[in-house]
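> generate a structure from the sequence data that follows.
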Amino acid sequence: MAELSVNKKRKGKVKEAEIESKDQRWHCRNRVTLVFGSNDIEDLETYLYTEDSVEFQTVKFHQAKSKAIEEILDNCIDEFYRGHVSEVKVTLSPDKMEITVEDNGIGFPLSKVPQVYTEFRTGSKFKDEETDSKGFLHRTLGQNGLGASATCLTSDLFEVRVRHYNSKKEQTFTFIDGALKTKKTKPKPFKGHSGVRVKLSLAKEVYKNPKIDEDLLRKRIIDLAYNNPGLKFIFNNENYLYKEGLFELAKRIDPEGPIQLGSDKYVYETTTSKKKKAKGQIDMTVALTMDFKSEERERFISFVNSTPTFDGGFHNDRIKRVFINSIKEKLERQAKKEKVSINDNDVLQGLTFIIGITMPNPRFESQTKRKLVRDTHLEKGIESFMSKAMTKFLRSQKDFLDLVLDRAKTRHHFQDLKEASKKGKKAKKQRVEKLLDANERKDRSKCMLFICEGDSAIGGLRSARDKLIQGGIALKGKPMNVSQATIKDILANQELSDIMASIGLTIGVKADIDNLRYSKIVFLADSDVDGGHINTLLTNFFFTFWPELFQKGIIQIAKAPLFEIITDGETLYAETPEELESIKKKKNVKIKEIQRNKGLGEMSQEAFKHVLNRDSFTKITTEDMKKSKKMLHVCFGKDTQLRKDLLLEENA
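Got it, this is the predicted structure:
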């Protein structure tokens, strides 16, 4: 086996490391972050209680100072879990420098007071695997025997009065300057309630600013009251007592109608390290508030054994994942039909989860208890709880499911619009092969584009047009119904893409009227039913994406003559049979021949010139944009019943 090198050269006598041993008071006061977390002020995303609501905000938070106070409050909660406490009274002095916490529990033996409050690893909560009279494991907040003693050792003044129920005696101990000095009274009988009262002032030497934040203290007290229904808190003469627990907190956040996702117990069997059988009980409650209009991401207000888990952890992550997966699974078929995918944010946006877990032996990442770690029993409990809760939720929350699907569609639509914008910019730089362009270059506002039905119509247009200002592009059959197509489908349609590129339009981008390549867009279709369909489908296309074109009178229709009437002196044109009959009745007109045009392809060059050389065409305008949009939705949307109702109404 290789030896370590001895070649390291050292000059003279080497100074050795000084080995020290510090007592727990020094260690606690100088390394308070190891026990209570950060000793600096940080920004915390949380909430404060107003008179009758909850206000989410960023607050200035001192983790160590807050935790030092919470440790004393938590001892009262542990006694409540054991069935000994029904009231807790908290008093904060006017200068915010001194706090008093008092309960009506049973106290504990007076001889143990110095140990409990000045020595680490001292307490009554180490019996993780011991059970109560019914065989259930105990549930507590404290586990390590550090909290109360660490608070005492980091306080300038720490006064404890214990009234012991069993001995009927009380005694007061005063620990000064982190327990460097101790004063005590003689034990004596007491009148009134038993329990523990702690009065303390935090040490300026340790916490820099020992002033206690009243709003955050009130928040902690109200949180404890919500987490422990039936336990009354009195804070500076303010009373807090709740019967429904965390669901009442949900109501405070959303008075309109929070949802009780569920409240249940999960019981499991286990074996202790001493091979003894035991039972564990996990109480779970989850409430939910839903803001359908909010665009903010989800929030979590969660507690484990009444402790706020600011950094979340396993319980938050598991409940969130089961909730999301249940929604996605429920909407899977519908999403596939709509050609969209649902992401997590579609489900979670605007939600606030209020979670309460009470369990034996919770394990946290640190003494600050801000984040819960994984527990196999809790995992099974959550799976069982959420399975039942989500079955009920999915049956009763159709509006929420519709909202999630709409969010997914809107998101996909927005993504498609971004893609359309990229493609539109690229298309503007490319030549459109099928475009019969106008030759004017300096002033494109003089130019008009005819969208024609069929290649044969373009042939007639080519020979009859004014090449300087008139352009044309042909359609093959009927254009796409964009109301029943995705943006991707529209972009993949070559004809519509060519039309957009020819004019200078991009889906999702408002039309820049002054910079369009054509100032008039004229539909030129056959004067029959199919031609009417083409005109309305084109109208739907342009109105869906650029309604501003209609406000400016840019979208127009050119009516092709159905009849060419050849007379002695000139050729007359009639667009309808009624107009033809009117010409026939004229005495001074001698008709030689009447030609009926089935379509644009049968029109003579003179007829094309007659159409193209008109001073004006029929503008498609609207007085009410909302009504127009609604009517197009009725005519072209996916809901066929709307069209049936319209036809029945017209017939009636």
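> quick check: R318 is in a helix.
Yes. Note on R318: a helix contains this position according to DSSP: H, G, I helix; E, B strand; the rest coil.
> what residues does it make contact with?
Under the criterion of C-beta atoms under 8 Å, 6 or more residues apart in numbering, the contact list for R318 reads 378-379, 382-383. C-beta: built from backbone N, CA, C; applies to glycine.
> can you get me a residue count around V85?
Applying the criterion other C-beta atoms under 10 Å, we find 22 residues in the vicinity of V85.
> kindly report the same for the one 5 residues further on.
By other C-beta under 10 Å, 24 other residues sit near V90.
> tell me the spacing between S167 and L110.
Distance of S167 to L110, given as C-beta to C-beta, to the nearest Å: 7 Å.
> overlap in contacts of those two?
The contact sets of S167 and L110 overlap at P187 (C-beta under 8 Å, 6+ apart).
> need the contact partners of stretch 542-557.
Contacts to stretch 542-557, defined as C-beta under 8 Å, 6+ apart, come from residues 482-483, 505, 507-508, 510-511, 513, 516, 519-523, 535, 539, 617-622, 625, 628-629, 632.
> show the buried residues in those residues.
Neighbour-count burial (16 or more other C-beta atoms under 10 Å) is assigned, among the contacts of stretch 542-557, to 482, 505, 507, 511, 516, 519-523, 535, 539, 617, 620, 628, 632.
> from those, which ones fall inside strands?
Counting by DSSP state E, the buried ones among the contacts of stretch 542-557 place 520-523 in strands.
> how about JSON lines for those, with distance to F56 and pLDDT added?
Shown next, in JSON lines, are these (distance: C-beta to C-beta, whole Å; pLDDT from 0 to 100):
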{"residue": "K520", "distance to F56": "54", "pLDDT": "94"}
{"residue": "I521", "distance to F56": "50", "pLDDT": "95"}
{"residue": "V522", "distance to F56": "56", "pLDDT": "94"}
{"residue": "F523", "distance to F56": "54", "pLDDT": "94"}
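> with distance to I69 as new columns, can those be given to me in a markdown table?
Formatted as a markdown table, the entries for those read as follows, by distance: C-beta to C-beta, whole Å:
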| residue | distance to I69 |
| --- | --- |
| K520 | 76 |
| I521 | 72 |
| V522 | 78 |
| F523 | 76 |
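> tell me the SS of R218?
helix.
> confidence score at it?
The predicted structure scores R218 at 96 on the pLDDT scale.
> pretty sure it contacts I234?
No. In terms of C-beta atoms under 8 Å, R218 does not count as a neighbour of I234; the distance is 12.0 Å.
> higher neighbour count, those two?
R218 (19 against 16).
> got a list of what the more buried one touches?
For R218, the residues meeting the contact criterion (C-beta under 8 Å, 6+ apart) are 48-49, 235, 238.
> let's see it at 10 Å
The contact partners of R218, by C-beta atoms under 10 Å, 6 or more residues apart in numbering, come to 48-49, 90, 92, 233, 235-236, 238, 240.
> and what of K644?
K644 makes no contacts at all, as judged by C-beta under 10 Å, 6+ apart.
> and for D132, nearest residue in space, chain neighbours not counted?
Closest residue in space to D132, ignoring its immediate chain neighbours: H138 at 6.3 Å, by C-beta to C-beta, 6 or more residues apart in numbering.
> what is the burial count for that neighbour?
In terms of burial, H138 registers 18 neighbours under the definition other C-beta under 10 Å.
> tell me the pLDDT at it?
We note a pLDDT of 74 for H138 in this prediction.
> G145 now?
At G145 the predicted local confidence, pLDDT, stands at 54.
> again with K426
As summarised for this prediction, K426 has a pLDDT of 64.
> name the element I354 belongs to?
strand 351-358 (DSSP states H and E).
> same question for T172.
Secondary structure from DSSP H and E places T172 in strand 169-176.
> using CSV, write out every CA atom in the helix or strand just after that strand.
Helices and strands here follow DSSP H and E; after strand 169-176, the next one along the chain is strand 181-184. These are the backbone C-alpha positions of strand 181-184, laid out as CSV (Å, rounded to 0.1, in the frame of the first residue of the first chain):
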residue,chain,number,x,y,z
LYS,A,181,-28.2,34.7,35.6
THR,A,182,-31.2,32.9,37.0
LYS,A,183,-33.8,34.1,39.6
LYS,A,184,-36.6,32.0,41.0
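> show residues contacting strand 181-184.
Contacts for strand 181-184 (C-beta under 10 Å, 6+ apart): 110, 113-114, 117-118, 158-160, 171-176.
> now the buried members of these.
When burial is judged by neighbour count using 16+ other C-beta under 10 Å, the buried members of these are 110, 113-114, 117-118, 158-160, 171-175.
> among these, which pair sits farthest apart?
Taking C-beta to C-beta, the two most distant members of these are L110 and F158; they sit 16.3 Å apart.
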